[in-house]
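> Below are the sequence and a predicted model; questions follow.
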Amino acid sequence: MESSIIERGLDLMLFGMGTVFIFLTVLIFGTAAMSAVITRWFPEKVIEAAAPKKRASTSPTMAIAPATLSILQAAVDKHRNR
Amino acid sequence: MESSIIERGLDLMLFGMGTVFIFLTVLIFGTAAMSAVITRWFPEKVIEAAAPKKRASTSPTMAIAPATLSILQAAVDKHRNR
Amino acid sequence: MESSIIERGLDLMLFGMGTVFIFLTVLIFGTAAMSAVITRWFPEKVIEAAAPKKRASTSPTMAIAPATLSILQAAVDKHRNR
Amino acid sequence: MENLNILWSDSGIAQLTFGQAAMMLVGLILLYLAIRKGFEPLLLVPIAIGTLLVNVPGAGFEAAPVYDAAGHLTSPGGMMYYIYEGGIATGLFPLIIFMGVGAMTDFGPLLANPKTLLLGAAAQFGIFATVLGAVSLSHFGILDFTINEAASIGIIGGADGPTAIFVTSKLAPDILGAVAVAAYSYMALVPIIQPPIMRALTSESERAIKMVQLRPVSKTEKIVFPLLVLMLVAMVLPSAAPLLGMFCFGNLMREAGVVDRLSDTAQNALINIVTIFLGLGVGSKMSADKFLNWETLGILGLGAVAFCIGTASGVLLAKLMNKFSDSPINPLIGSAGVSAVPMAARVSNKVGLEANPHNHLLMHAMGPNVAGVIGSAIAAGVMISMVQ
Amino acid sequence: MENLNILWSDSGIAQLTFGQAAMMLVGLILLYLAIRKGFEPLLLVPIAIGTLLVNVPGAGFEAAPVYDAAGHLTSPGGMMYYIYEGGIATGLFPLIIFMGVGAMTDFGPLLANPKTLLLGAAAQFGIFATVLGAVSLSHFGILDFTINEAASIGIIGGADGPTAIFVTSKLAPDILGAVAVAAYSYMALVPIIQPPIMRALTSESERAIKMVQLRPVSKTEKIVFPLLVLMLVAMVLPSAAPLLGMFCFGNLMREAGVVDRLSDTAQNALINIVTIFLGLGVGSKMSADKFLNWETLGILGLGAVAFCIGTASGVLLAKLMNKFSDSPINPLIGSAGVSAVPMAARVSNKVGLEANPHNHLLMHAMGPNVAGVIGSAIAAGVMISMVQ
Amino acid sequence: MENLNILWSDSGIAQLTFGQAAMMLVGLILLYLAIRKGFEPLLLVPIAIGTLLVNVPGAGFEAAPVYDAAGHLTSPGGMMYYIYEGGIATGLFPLIIFMGVGAMTDFGPLLANPKTLLLGAAAQFGIFATVLGAVSLSHFGILDFTINEAASIGIIGGADGPTAIFVTSKLAPDILGAVAVAAYSYMALVPIIQPPIMRALTSESERAIKMVQLRPVSKTEKIVFPLLVLMLVAMVLPSAAPLLGMFCFGNLMREAGVVDRLSDTAQNALINIVTIFLGLGVGSKMSADKFLNWETLGILGLGAVAFCIGTASGVLLAKLMNKFSDSPINPLIGSAGVSAVPMAARVSNKVGLEANPHNHLLMHAMGPNVAGVIGSAIAAGVMISMVQ
Ligand code: NA
Ligand code: NA
Ligand code: NA
């Protein structure tokens, strides 16, 4: 009664893609709802224009951490203000 | 012959507070003696006025380590002296 | 039939020094060959005059990592160029 | 269809119990307190995430690895299992944290005025009074605490997170979650809990007392002091040697001046890494059966009592010392003896400034503040020695 | 003489097998690709060194420790044994890497335009199509893949290294080396693989479509979003909770703003340390008997197919969405749904600039790009749940 | 009363043995040497603290964990137990340190003048002469060393801490404390031990010899060299592959230019963390029964002899090479072949400047200096292969 490997592969595809799409669709609605709730009831000072230049990278390839850069920026700023 | 839990609690309190006080009292005398010995026989250039501004924090909440700050200070100083 | 400990020590010395000398001698020829091949067929812009001042230390005693220093240098340079 | 069944029966909703849902709510509340209210976020954020993860139905974060008869791994354990067994059951994580805290601690103010060590002793009264409270609740059948649990609850009053975790993981691991959450929460609440007690027990003129400036302390004294503490602990109370040994090691690295590389790492990369995993591991004990019961409420209540009694004891002894001391002692620095470094010292300073705007007590309060760390480590040693 | 024999019989040349020599060559090729060609060097350099070391004849890097009957250690294990068993068989290393990646990820662009999450779903079609391909090869007797291996091969198409390693170490550890090498190699080849497919499936005018600027996103949204993902995963697919839980934990540390110490360490010292050992540990599965066979060629081939199908699916769904959406959607951002963060988003941007020099798609492509990370973690959860 | 008894019988004074007191004194002396005299403090401070802690009577730092019949943990082990078993018995800590040292090493000067590798070979004669000395002492019944111990004592002459620890933990763990202390102490004493020997074996005119400036070395040579060493080790002496493999891995990360993140972490956070625990773990072998005996005096004495012979051998071979070489070779660079990087090279430079104030030998001495690291790792491999 073992299903063939092909059938198992088909099952994986059906249920896998199904789950992925259902999950991300639910997440779309959840995110939209969350944003609506927060924007309406918990408005805040906007922190950035969605284009986070300073911390944009999600790659592990950057050699200098954003934190280090901001420390350095602070050091330079501090000096400039003397 | 098991002592009741209340008795064990009382014991803990007596011996606990006793040990804490004895230990710290001995430490007071030990510290005073040590400081006296060092001040008399191993005098040194005083390094700070007991108000260590640069390294005062014992909290793990500070985002920048004192070492980093002093490195940066050195960098800025170095530049100023150019 | 166990060889005496002295014999084992002598063996260790003979084969040990032998291996060390053979290995490093082979490495000398290997290195020379490698350098010759690279210099002839894969020439490159020379990166340093074999006197790597910035990263010379192989000691773990240096408190500030070369990387940190170069970051700081960059910060100071950046400022100087303003 | 069968696959749909597998996915459904594996899904969280199908398996979610009421307890898990409630614990997830607890996790979210902790996150709110940590992020919005600033309650010791370095520990409470990882603890809260640990709470959320360990209550994900069917995710098996706590599962132990399974081996077959021949000793081969058939199923690896969950992440939380490895973190808890590797770092908390062994005691390694709290000890490494303590080393880092030692490397962040400056004993200068304490060395300049060593008698403030007594204030660090007095404030530990909160610990033992609470132990007595817990065993009384147990004796009268109100709540059901063993002596091990009572000792662990008392140590909340030490206002020192790693110490509380170290003791509780040894004596009563089942209440580790509640004890750690209480300890860190009350440490965060020090600015709210302490001032009323301090004001109630002191007069306006006492709060305005100016203390003489602290004498300079030499580098040699700072190097020798951690060794002195370590030798004394070794002679008097070896069960406190792991905690205080690592604390003094960290402090020695800081003051030695020749291993700044190691001191910096102990204060930064290493303590941060361990904090992340310590928090997750503590969170792994936040399961419904261990947290959702009346005992937890008792733990939270008793912990608050411990803080209050410790604060009061410190202030009262400082008042007494002021009577007999040559140099004036502002009673407000007594409350800093509970530790909660450096929050409690800042509270002393703030309440002092209210009474006298030119009276800066911060450095004077740092003495009892770090003495409180030593004091509660000693108290922890007594617990481990007498209870275990 | 006897000693000469020992040294000779212990020497590498005497013991070297053809397979080991070939695998050393593979290691050197990987190093060349990593160092000269820039193929994801952070992982491929340690993997390559691991490959070299584990194929040193007689060095025993993979040896398990030996205990006598009384349980005492008679011979310690090799370094690779400890690294693999401690960090990869337990799943800890990929999870810690995922936490660090979470701390490096900015969900801002995704939050500004949440419907791009669908593109991150579509691109996962490459995963499952490849699974089907692998089982077909097996069914027709061309290559011999089990369903576990097929699932692991498919996940290469997720373009997400830690996810691929996590799944494969659970489902089919024997092919871990080949799968990891394929995953990272193709991630590095994204700028070569994707553009032709993107150009073939879109018209010049589609590629020139300008998208409206993204709305600003508040700090609160960024804090709540990882929690939302975490709760949803907990309810729907607990088998994905380890991966996404740690990812969301890292992201929450980044956005919370109160634990920057921890976030910085997770993004730097911790992820670097774990990357070194993860790479070495993966390399320890690069032995001749596991790598030098036709199946590896099949894995490399199928992995490339997975990337292509994923890219195409993303672009095609983006085209479709553009038809029905109020605001215009440039189909080029669909290819970023495979993840390979941030390389794939940069490719979208570059191809877009060719069609319209004023059209900057980078931020718009970051949405599907990070959505692809979530998507492939979900796919991984399905695999683990249905296959294991 | 009973409780007083418990506290008293648990106290350190009641349990202190003479040996423990003496070992604590040894720990304090090591601290004095490390902090005041600057003796390799990075290792000696942690070793000294480990010595203090492990000799705290009754603290159980070395205790193994206890499990009941069902395999449940009834009593966790002591901190030192976990550190030693996890990092030293497995060999992981010295290997990780070696990786970090590799990432700190610049092979440029060696590549510019590869024949200085021979000096790194000659200086290892100290190792094997000392082995012979140790077995002779044993043969004549003066001290009682096994061949394993003799090999471990010899490796002190390699002037390379991690190598000495790696070999000794494998061959003769009981003398690990004494060997490590001797190795690091003599490395610190290089500026005192070497100059008299160097002056005695060379003439003023030899010491004044100027060497030709080193040729520039290309990036490619620096990348290929660690791989060349690694492949050669793999072919010739696999037992040296763990040490040299990790060393070359570290160096490759440094020179590759594409994994600077990893190289920086290997040189900083990671090596610092491991140094702390390696030191503590070595200290855990500093118990009275293992350290307070005549063998330890023998180890210290033989270690000094090894350094002297190694220094002399290096200088003598350099003299010989100067006779036959086209370009002049200053014999002072021969002493740097013992390794003790970079101290020994600085000593060569300093003694050279005394003879000729314009003669800077530092870079020329760095060649034999790093060659000495390779040389003693090879010697270590021979020991492990022939003795174990
Ligand atoms: Na305290
Ligand atoms: Na993906
Ligand atoms: Na050496």
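Yes, it's here. Ligands and ions are numbered 1, 2, ... in the order given.
> What is the burial count for residue 39?
As the question left the chain open, I've gone with chain A. Using other CB atoms under 10 Å in any protein chain shown, residue A:39 is surrounded by 15 other residues. The way it works is simple: take the backbone N, C-alpha and C, and place the C-beta from them, glycine included.
> hmm, I had chain D in mind actually
Residue D:39, neighbours per other CB under 10 Å, totals 22.
> So it sits against residue D:186, correct?
No - Residue D:39 lies out of contact with residue D:186 (CB atoms under 8 Å); the separation is 9.5 Å.
> ok, which stretches of the stretch 251-388 of chain D are helices?
Counting by DSSP state H, counting those that start in this stretch, the stretch 251-388 of chain D has helices at residues D:260-267, D:269-283, D:288-291, D:294-324, D:343-355, D:362-387.
> Tell me the helices and strands packed up against the shortest one.
Pointing back at helix D:288-291 there. helix D:18-35, helix D:176-201 (3 or more CB pairs under 8 Å, 6 or more residues apart in numbering or on different chains; DSSP states H and E).
> out of the ones you listed, nearest to ligand 1?
Checking the helices and strands packed on helix D:288-291 against ligand 1 by CB to the ion gives helix D:176-201 as the closest, at 9.9 Å.
> Kindly present the helices of the stretch 251-388 of chain D as a markdown table, with separate columns for mean neighbour count and mean pLDDT.
Shown next, in a markdown table, are those (neighbours: other CB atoms under 10 Å in any protein chain shown; pLDDT from 0 to 100):
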| stretch | mean neighbour count | mean pLDDT |
| --- | --- | --- |
| helix D:260-267 | 26 | 95 |
| helix D:269-283 | 27 | 95 |
| helix D:288-291 | 17 | 86 |
| helix D:294-324 | 22 | 91 |
| helix D:343-355 | 23 | 92 |
| helix D:362-387 | 29 | 92 |
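> is chain D contacted by the top helix by length along chain A?
Of all segments of type helix in chain A, defined using DSSP state H, the longest is helix A:5-41. Yes - if you take CB under 8 Å from any CB of the partner chain as the test, helix A:5-41 does meet chain D, through A:11, A:14, A:15, A:19.
> Please work out the average pLDDT along stretch D:326-336.
For stretch D:326-336, mean pLDDT is 91.
> Do that stretch and ligand 1 come into contact?
No - between stretch D:326-336 and ligand 1, judged by CB under 5 Å from the ion, nothing touches; the nearest distance is 9.9 Å.
> Show me what that stretch is in contact with.
Under the criterion CB atoms under 8 Å, 6 or more residues apart in numbering or on different chains, residues D:116, D:119, D:122-123, D:194, D:197-198, D:201-202, D:206-207, D:209-212, D:311, D:313-319, D:321-322, D:344-345, D:347-348, D:351-352, D:359, D:361, D:364-369, D:372 lie in contact with stretch D:326-336.
> List the contacts of residue A:22.
Residue A:22 neighbours (CB under 8 Å, 6+ apart): residue E:236.
> re earlier: for ligand 1, which of the helices of the stretch 251-388 of chain D is the nearest?
That would be, of those and by CB to the ion, helix D:362-387, which comes in at 3.1 Å.
> Next, the angle helix D:294-324 makes with that closest one.
With axes from the mean of the first three to the mean of the last three CA atoms, to 10 degrees as the basis, helix D:362-387 and helix D:294-324 are set at 130 degrees to each other.
> how far does helix D:362-387 sit from the chain's center?
11 Å (CA atoms, centre = their mean, to the nearest Å).
> where does residue D:170 fall, phi/psi-wise?
Note on residue D:170: its backbone torsions stand at phi -90, psi -40 [degrees, to the nearest 10].
> Low-confidence bits of chain A, can you list those?
Applying pLDDT under 70 to chain A flags the ranges A:1-3, A:44-82.
> Just the helices from the stretch 1-150 of chain D, written as ranges.
With helices called from DSSP H, counting those that start in this stretch, the stretch 1-150 of chain D shows them at D:2-10, D:12-15, D:18-35, D:41-54, D:79-83, D:92-104, D:108-112, D:117-122, D:125-139, D:147-154.
> any idea what sits nearest residue D:121, other than its immediate chain neighbours?
Spatial nearest neighbour of residue D:121, excluding adjacent residues (CB to CB, 6 or more residues apart in numbering or on different chains): residue B:24 at 4.3 Å.
> Identify the residues contacting the one you found.
Residues in contact with residue B:24 (CB under 8 Å, 6+ apart) are D:117, D:118, D:120, D:121, D:371, D:374, D:375, D:378.
> one more time with 7 Å
Going by CB atoms under 7 Å, 6 or more residues apart in numbering or on different chains, residue B:24 touches D:117, D:118, D:120, D:121, D:371, D:375.
> how close does it sit to ligand 2?
Going from residue B:24 to ligand 2 by CB to the ion, to the nearest Å gives 58 Å.
> Please consider this matter closed, and thank you.
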